[in-house]
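Just need the structure, nothing else, for what follows:
(one chain, ligands or ions: 1)
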Amino acid sequence: MRTLLFSSLAVFVGLVSTSNARDDTGADGRFDRRESFHFTLYQDVDIDEYGGFNGSRRFEQEILKQLEDAFDRLDRILGLRPDRKLDVHIWDPAIFDQNFAGLFRFPAAGFYGGSIHVRGATTVTPSLVRVLHHELVHAAFDAAAPRFVLPSWLNEGIAEWFEARATGKRSLSGSERSVLAGAARRGELFTLQQLSVPTLAGFSTNAAALAYLESYGFISHLVDAHGEKKLVQFWSALLRSKSLERASRRAYGRDFADLEANFFKSLGAR
Ligand SMILES: [Zn+2]
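Residues are numbered from 1 along each chain as shown. Just a heads-up that it's a prediction; the model follows:
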């Protein structure tokens, strides 16, 4: 899941009831359905079908192109390659809010719950593309290990890291770093244990903002310190062994507690 706090944030909600998503009652009374190689797109935004350059058909083709690009990047950067076709719902923003606002305590830009759900726009904006990248990570982990509940710091951290990485951003920005360093100085950071819940959907707006940023910060720290390949080794070992300790030893050659301690130290935590 991704929240709307900064440019956006998106949420993993696990298996929520999204029965509304299956009704054919979109903004214009129905979902347009369109397929690409790896995705089935259901699109509900109220866009004139015959709007030429800005028409719905062109919008859907552009979304599918962005999704296929994201799919390739996911494989190349994270070694994740879902082996089944993924459903993606692009909702009219008002209907998205009406149906799903109750799932989260903060405004969400999208979420994954068995399929990808995105709060839509009438054009393919950079923030919409980021949400697609983000939710794709949740969908890919779910496809890779359907019954394994990942800790949120990993699921959200990698989703945040990947959407940033897809646009060329390889590490925390100066302002993100200073927000985390400030929280570290005041002793306000969450422990990774506290961020190990299956979803952050129950966090208040301010807590969610910090939780997402801290999760992203930890993944970014691991990549800064050990490289991207080790991150792939880490998540693969975790999905295989279902043990953080084993995955940590395998990929990084140290205890998980050391990884966490080094992260906090890098932020100047006492
Ligand atoms: Zn998310």
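
Could you see whether the ion lies near stretch 178-195?
No: applying CB under 5 Å from the ion, one finds stretch 178-195 separated from the ion by no less than 12.6 Å. (Each C-beta comes from the backbone N, C-alpha and C, glycine too.)

Contacts made by that stretch with the rest, please.
151-153, 172, 210-211, 213-215, 217-218, 260, 264, 267-270 (CB atoms under 8 Å, 6 or more residues apart in numbering).

pLDDT of that stretch, averaged?
In this model, stretch 178-195 has a mean pLDDT of 97.

Stretch 126-138 now?
On average, stretch 126-138 scores 96.

and if you look at stretch 146-166?
On average, stretch 146-166 scores 96.

ok, back up a step: tell me the buried residues within the contacts of stretch 178-195.
151-153, 172, 210-211, 213-215, 217-218, 260, 264, 267, 269 (16 or more other CB atoms under 10 Å).

before we move on, the earlier item: among the contacts of stretch 178-195, which are within reach of the ion?
Okay, of the contacts of stretch 178-195, nothing touches the ion (CB under 5 Å from the ion).

Could you tell me which of those are located in helices?
Helix and strand membership here follows DSSP state H; of the contacts of stretch 178-195, those in helices are 152-153, 210-211, 213-215, 217-218, 260, 264.

going on from the lowest-mean-pLDDT helix or strand in the chain, what's the next piece of helix or strand?
Least confident helix or strand, the chain: helix 19-22 with a mean of 42, by mean pLDDT, DSSP states H and E. Per DSSP states H and E, the first helix or strand lying C-terminal to helix 19-22 is strand 32-35.

tell me what that next one is packed against?
Applying 3 or more CB pairs under 8 Å, 6 or more residues apart in numbering; DSSP states H and E, we find strand 32-35 packed against strand 39-43, helix 56-78.

Out of these, which gets nearest to Ala251?
Checking the helices and strands packed on strand 32-35 against Ala251 by CB to CB gives helix 56-78 as the closest, at 13.4 Å.

So what's the gap between the closest one and the chain middle?
The chain centroid and the centroid of helix 56-78 are separated by 15 Å, computed with CA atoms, centre = their mean, to the nearest Å.

Which elements pack onto it?
strand 32-35, strand 39-43, strand 86-91, helix 126-144, helix 152-166, helix 228-241.

ok, and which of these has the densest surroundings?
helix 152-166 (a mean of 25; mean count of other CB atoms under 10 Å).

so what secondary structure elements neighbour it?
strand 11-12, helix 56-78, helix 126-144, helix 205-226, helix 228-241.

Next, the residues that contact that helix from outside, please.
Helix 152-166 is contacted by residues 1-2, 9-10, 12, 70, 73-74, 77-78, 130-131, 133-138, 141, 170, 192, 195-200, 211-212, 214-220, 223, 231, 235, 238 when judged by CB under 8 Å, 6+ apart.

Run the angle between it and helix 56-78 for me.
Between helix 152-166 and helix 56-78, the angle comes out at 110 degrees (axes from the mean of the first three to the mean of the last three CA atoms, to 10 degrees).
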